[in-house]
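1. here is my input; please provide its structure:
(chains A and B)
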Number of protein chains: 2
Amino acid sequence: MGPLPRTLELFYDVLSPYSWLGFEVLCRYQNIWNIRLQLRPSLIAGIMKDSGNKPPALLPRKAQYLRGDIKLLRQQFQVPIQFPGDFLSVILEKGSLSAMRFLTALSLEHPEMLEKVSRELWMRVWSRDEDITEPQSILAAAEKAGMTAEQARGILEKISTPKVKNQLRETTEAACKYGAFGLPITVAHVDGQAHMLFGSDRMELLAYLLGEKWMGPVPPAMNARL
Amino acid sequence: MGPLPRTLELFYDVLSPYSWLGFEVLCRYQNIWNIRLQLRPSLIAGIMKDSGNKPPALLPRKAQYLRGDIKLLRQQFQVPIQFPGDFLSVILEKGSLSAMRFLTALSLEHPEMLEKVSRELWMRVWSRDEDITEPQSILAAAEKAGMTAEQARGILEKISTPKVKNQLRETTEAACKYGAFGLPITVAHVDGQAHMLFGSDRMELLAYLLGEKWMGPVPPAMNARL
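-> Model prediction:
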């Protein structure tokens, strides 16, 4: 028997484009590295508020840079990410509360569907510029991910229960306790220590901490599958 | 004859720890990739002012993260970087104006010394917690880098000339025109296009843009030399 897999927690929000990049990289490596990946749906608005941080896109020069950065990373990471037309309204006005509550309910009831539904929500908001706030938008993503209409409606009915609301609040607070001031964060549990890494650009450092091999954002096993 | 080397401009300030990491990575790869590296000493205070950005360390939770991040990157990048004791005073009060003027004068008169003197200034402020604002501090770094005392004093005498002051202002403005809101930035000139990459964590993306191979922050040729 080999060594036990190390646990990685990925705290993310589907409103965050860099969360998507981090998510895809870790989903690719979960079958390559000796890790156990825990997906932790969180609310980025709560983390910004608690830390006092501001979305980078509020500074015009950062907003301009983000557009170019995302365009280049789309190619390098092979993730079909694309800026929504009215980016500030998506981020600041529409938000992701219902979507993240849906993913939270899913993590409690059908954790095996969490990866696929998260990806379909990102595909809506961060690839096809589609809504993720209306119930029918969330149901469409869930069905596209392979849930039955009945299953999806069952989960949707639970998103306003205290259990789900509390769970999302607790997960968001856990991210803050690890020191988050934005998302994604990856918490790597290695030799009894928890290392918090911010962003999608610390994955090579993560490999270094784990003693695993970094093969870029699109590892060869993944290339073979494309 | 192979293809012409692509020009990379690295805009940096020795007050910026991530500039040091980016600098060392590019200095290592300049003999591996088909590139021509141009070191462009700039003033980070001017870039923050012009862009309206604030140093990340002003947000307590970011400051806390930076300390841990730098500690891990020190190992991964094999750069002896270490936080100064009174970090905020170093960054906000002492600054780097004389040091960056010295490097600017050097770029005009002895460009072949720019790499080594820059490194020695970082070794002072970002490794050994030593001053870089006093004339004797700058002279000590220059001499440690291999300049004679006479040469170093000759350069120091020129740091308040209009030529040097204007050159530093122009370089800083050039960084702003490329969209900088902090340092380092790397501007890669590829196929008639200028790509601006912010930070020390876009080096793998840089390799992708150049069509060169990324071998981590410590490429094997470098390992062999250690």
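
2. residues of chain A that sit close to chain B?
-> Residues of chain A lying close to chain B (Cβ under 8 Å from any Cβ of the partner chain) are A:51-53, A:59-62, A:64-65, A:68-69, A:72-73, A:75-76, A:179-181, A:195-196, A:198-199, A:201-202, A:204-205, A:208-209, A:214, A:216-217. For the C-beta atoms, the positions are set from N, CA and C on the backbone; glycine is no exception.

3. run a quick neighbour tally on residue A:178.
-> 18 (other Cβ atoms under 10 Å in any protein chain shown).

4. list the contacts for it?
-> Counting by Cβ atoms under 8 Å, 6 or more residues apart in numbering or on different chains, residue A:178 touches A:11, A:185, A:187, A:194, A:196.

5. by neighbours, which of those wins?
-> The most neighbours of any of the contacts of residue A:178, using other Cβ under 10 Å, belong to residue A:11, which has 28 neighbours.

6. can you tell me the SS state at whatever residue of chain A ends up closest to chain B?
-> In chain A, the residue that lies nearest chain B is residue A:201 (4.0 Å; Cβ to the nearest Cβ). Under DSSP: H, G, I helix; E, B strand; the rest coil, residue A:201 falls in the coil class.

7. wait, it touches residue B:198, no?
-> No: under the criterion of Cβ atoms under 8 Å, residue A:201 is not in contact with residue B:198, lying 10.6 Å apart.

8. shared neighbours, these two?
-> Taking Cβ under 8 Å, 6+ apart as the contact rule, residue A:201 and residue B:198 touch no residue in common.

9. strands along chain A, start to end?
-> For chain A, strands defined by DSSP state E occupy the ranges A:6-12, A:35-41, A:185-190, A:193-198.

10. give me the number of residues near residue A:75?
-> Other residues within reach of residue A:75, judged by other Cβ under 10 Å, total 11.

11. equivalent analysis for the one 3 residues further on, please.
-> Per other Cβ under 10 Å, the neighbour tally for residue A:78 reads 15.

12. what residues are up against the nearest residue to it once chain neighbours are set aside?
-> Excluding its sequence neighbours, the residue lying closest to residue A:78 (Cβ to Cβ, 6 or more residues apart in numbering or on different chains) is residue A:218, at 5.1 Å. By Cβ under 8 Å, 6+ apart, the contact set of residue A:218 is A:28, A:76, A:77, A:78.

13. now distance to residue B:40 and pLDDT too, for those, in TSV please.
-> Shown next, in TSV, are the contacts of residue A:218 (distance: Cβ to Cβ, whole Å; pLDDT from 0 to 100):
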residue	distance to residue B:40	pLDDT
A:28	36	97
A:76	25	98
A:77	29	98
A:78	32	98
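
14. out of those residues, which comes closest to residue B:145?
-> residue A:76 (35.7 Å; Cβ to Cβ).

15. list the contacts for that closest one?
-> Contact analysis of residue A:76 by Cβ under 8 Å, 6+ apart lists A:217, A:218, B:204, B:205, B:208.

16. try residue A:35
-> Counting by Cβ under 8 Å, 6+ apart, residue A:35 has contacts A:5, A:6, A:7, A:8, A:29, A:210, A:212.

17. show me what it bridges to in the sheet.
-> Per DSSP bridges, the residues bridged to residue A:35 are residue A:6.

18. for it, give me the pLDDT.
-> At residue A:35, the model reports a pLDDT of 97.
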